[in-house]
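**Q** pasting a predicted model and its sequence here:
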Amino acid sequence: MAMLAEAAGMGERDHHALSLVTRHLRGGDPVIRAAAARALGSFDMPEAAGALAAALLDEDPDVRADAMAALTGCATPRERAAILSSLRGDPVAEVKTAAIQVLARLGGDEARELVLRLVSDRAEDEITWDDTESVWDDWLDIQLAAIEALGAMQVVEAIPVFLAARQDEFGQDLDGPVFAALAGMGTEGLTALLALARDTSPKTSARALQALGKAAPGTLEPMAEALVREDNEQIRLIGLSALPPDSPDIERLVLEDPAVEVRSAALRTHGESRPDLIAKALGDPSERVVGTALELLLSGPITAGLPDLTANLEAWASRGSGVLLRPAIKLLARLSPGRAAPLLGRIAQGKTQDLTDRIAAIALIPGTDAFDAENLAPLPTLLEAPERQIRLAALTSLAQLLSHHSAGIRVLTATLLATVIAGEVTPEAAAAEKSTSEPDLAAPKGDPVTPGRISITPEGEIIQGPELDEKQGADNVIPVAFPRSTLDALQDPAVTREADKGAIRPRHRRRVAVTGCENHGTDLRISALNVLPETKDEKIDQAVIAALDGALVEITAAALRAIRRRGLLAETTIAETVKPLLVSPDLAIKLAAVEACADMPSTRAWLVDYVTDPNPNIRAQALSALIPAMPDLGQSALDDPSSFVRQTAARELLASGQIAMPTLIRRLIKGGTLEPLKAIGADPAAVRRALLDLVGEVEDDRAALCRALDGLAYYSAHRG
């Protein structure tokens, strides 16, 4: 009964708001009329569609365009005649485009004939146009809308018209819209698309294949058997996804198809329903197909009766490429951890191995039950690797081992991570070793020589040698570093003159290679702090606290984030250590300190002064912590100049129950924006209910009324 009463209340609210909005649609202000037209699209009521149809005769073109756009969601067959009349007689292109979209949903013989005609020409004997002075032909946009609409209506007689239109050498490129329309037109459209996929033009064939691949499998099912027998492997790939599970073609595609990609895709698509094919595919000569079979074994229960699977996995993991190696080592780690552990270490340390394979092996090390101190040996070594991804993978695995079942492993891991955080493990030695063993591409050919130095005067005179030493300090001499090679010239920082000041400044390009960084030791410490879990350990906690005293901003900020994650501010001494960082001149440290203090009641009180901080990120973080206990701060923040701060205030006020949705909406509407609600994903039905009640309250405030009407339009897809 309560639900029926609520539904009845919503009906009354909707009808009352509908009458108010409809009255505004007939008012004297065109801006209000346009907003009302957009809002009426949110009413799933026949009266709304009728009012919008009447507005198609409005004197203002924007109102007519908005009314037609609103009809795309609520028009009924009763409005079809008015919509056809607008398509014929309204000169505004936006109105015509929206009218075609509405007619695509409503259908009707007259509508189909008119829209079909617009694919080929302007139909000037029937359609009014107003682009005589424009450099752009409005019909080109209408043509695209007509093709899309006929495809949605599945008008199969349009297919030859589509094909003729795309052959017009003076027309626009229609392959994309035509092929997309054909893909949704059932068997007839797909048959035409398949013919285009066989076209001798590579461009046409590729585009048709792309559209064919986007067709729903259900529409492809009637022709799937024919598709999987095509010579073109791309067509076979499309067809196999539409085959029913009991198709006799599946086994042939998995085991006998000449294309590796087809065999692999067929197994991936149908292997779950045909587990017998997984076992057979393990003998495929292609590593890709075998890798697919292993991935399927990983995703489900291990198939019984596979002979020598463990031995084969070990061989594949030792000698296979990435597509085979990665699933092989994962499956081996599950089936035989004792045999997997040493192999994982070898792969992880293999400097000639692909990086992705090494990272996969490192990630598996903590998960092997046979893990012991001996298996831990590769991880400390990998912390000194020159590749950043390897170091980060090793740190992540070490962090996971902090919760290992063996107390000895936990102690070893904690000690190592604490050492890393303290900066006592540095990979520079490995980087230096690498630099001495590999050639310097920037070095000059032949005997090494000391790079020369030159300078250029403003008159263009080149100064070298002793003369350079005499004039080096002169203001009118531009120093130039003479490169040893072209590569050296490209790598050195460029020196440019500031035109407005006449000063020389270096232009540094701080680009970091994917596999490296400028300071390995610092990066290692920051990465270690960032991957630390919540698992408690005294050694690690001491190292994190000590890292607060670091000279580098990045390390201090990372230590603060780790302190927050590990809940260390519960201890008074640690809180007092963090408190001075709240006034740090560095923004990164200050923000990290505010975030850390936000979690504990004892430290949260320190943040009151930060709700007016100049930085919006800090204001938002402080407000997020304080609003539940101090809602007045949130009310003030709804007027903040930063949208991020306004969003934070709205979210926290709603989440903490400090403000009701209708009250918040009134506050935002009168303050100038509903944007925070849209950004935080507030309950659309609740917002719309509140807006329905609000429309009548703000009739005398033009700006607020427009915002309320636009709010209704925005939430039109979420009717309460």
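**A** Nice, thanks for sending it over.

**Q** where does the prediction get shaky in this protein?
**A** 1-11, 131-136, 301-305, 368-375, 426-518, 716-720 (pLDDT under 70).

**Q** strands of that one, start to end?
**A** Along the chain, the segments classed as strands by DSSP state E run 453-456, 462-464, 478-481, 494-497, 504-507.

**Q** what's the burial count for the residue lying closest to residue 31 once chain neighbours are set aside?
**A** Sequence neighbours aside, residue 706 is the residue nearest to residue 31 in space, at 6.5 Å (criterion: Cβ to Cβ, 6 or more residues apart in numbering). From N, CA and C alone the C-beta is placed, and that goes for glycine too. The tally of other residues near residue 706 (other Cβ atoms under 10 Å) stands at 21.

**Q** swap in residue 597?
**A** 27.

**Q** got it, and residue 167?
**A** 9.

**Q** show me where the stretch 301-450 of the chain has its helices.
**A** 309-319, 322-335, 337-349, 355-364, 373-376, 378-382, 388-400, 407-421, 428-437 (DSSP state H, counting those that start in this stretch).

**Q** nearest to residue 162, of the ones you listed?
**A** Distance to residue 162, taken as Cβ to Cβ, is lowest for helix 322-335 among these, at 40.8 Å.

**Q** the closest one relative to helix 337-349, how many degrees between them?
**A** With axes from the mean of the first three to the mean of the last three Cα atoms, to 10 degrees as the basis, helix 322-335 and helix 337-349 are set at 140 degrees to each other.

**Q** before we move on, back to that, pipe the helices of the stretch 301-450 of the chain into CSV and attach distance to residue 600 per row.
**A** Output for those, formatted as CSV (distance: least, Cβ to Cβ, whole Å):
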stretch, distance to residue 600
helix 309-319, 48
helix 322-335, 40
helix 337-349, 39
helix 355-364, 34
helix 373-376, 35
helix 378-382, 34
helix 388-400, 24
helix 407-421, 22
helix 428-437, 38
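
**Q** out of those helices, which is closest to residue 243?
**A** Short answer: helix 322-335, nearest of the helices of the stretch 301-450 of the chain by Cβ to Cβ, at 24.2 Å.

**Q** give me the buried positions along the closest one.
**A** 323-334 (16 or more other Cβ atoms under 10 Å).

**Q** max pairwise distance over those residues: which two?
**A** 323 and 334 (18.6 Å).

**Q** got the phi/psi numbers for residue 642?
**A** Backbone torsions for residue 642, taken as degrees, to the nearest 10, come to phi -90, psi 130.

**Q** which one of the buried residues of helix 322-335 is nearest to residue 548?
**A** residue 333 (38.3 Å).

**Q** mind listing what residue 400 touches?
**A** By Cβ atoms under 8 Å, 6 or more residues apart in numbering, the contact set of residue 400 is 366, 533.

**Q** among the helices of the stretch 301-450 of the chain, which is nearest residue 13?
**A** helix 388-400 (53.8 Å).

**Q** so the closest one versus helix 355-364, what angle?
**A** 10 degrees.

**Q** show me what counts as buried in stretch 104-120.
**A** In stretch 104-120, counting by 16+ other Cβ under 10 Å, buried: 104, 106-108, 111-112, 114-116, 118-119.

**Q** those residues: which two are farthest apart?
**A** Using Cβ to Cβ for every pair in the buried residues of stretch 104-120, the one that comes out farthest apart is 106 and 119, at 18.3 Å.

**Q** report the contact partners of the closest residue to residue 45 other than its chain neighbours.
**A** Using Cβ to Cβ, 6+ apart and skipping residues adjacent in sequence, the residue nearest residue 45 is residue 18, 6.2 Å away. Residues counted as contacts of residue 18 (Cβ under 8 Å, 6+ apart) are 40, 43, 45, 47-48.

**Q** among the helices of the stretch 301-450 of the chain, which comes closest to residue 692?
**A** Of these, nearest to residue 692 by Cβ to Cβ is helix 388-400, at 51.1 Å.

**Q** re the thing from before, so for residue 673, which of the helices of the stretch 301-450 of the chain sits nearest?
**A** Among these, helix 388-400 sits nearest to residue 673 (Cβ to Cβ), with 41.5 Å.

**Q** could I have the CA atoms of that closest one written out in PDB?
**A** Output of helix 388-400 as PDB, limited to C-alpha atoms (Å, rounded to 0.1, in the frame of the first residue of the first chain):
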ATOM      1  CA  ARG A 388      62.300   0.200 -13.300                       C
ATOM      2  CA  GLN A 389      59.500  -2.300 -14.000                       C
ATOM      3  CA  ILE A 390      61.600  -5.200 -12.600                       C
ATOM      4  CA  ARG A 391      62.400  -3.300  -9.400                       C
ATOM      5  CA  LEU A 392      58.700  -2.400  -8.900                       C
ATOM      6  CA  ALA A 393      57.600  -6.000  -9.500                       C
ATOM      7  CA  ALA A 394      60.200  -7.200  -7.000                       C
ATOM      8  CA  LEU A 395      59.100  -4.700  -4.400                       C
ATOM      9  CA  THR A 396      55.400  -5.700  -4.900                       C
ATOM     10  CA  SER A 397      56.200  -9.300  -4.400                       C
ATOM     11  CA  LEU A 398      58.200  -8.500  -1.200                       C
ATOM     12  CA  ALA A 399      55.300  -6.500   0.100                       C
ATOM     13  CA  GLN A 400      53.000  -9.500  -0.400                       C
END
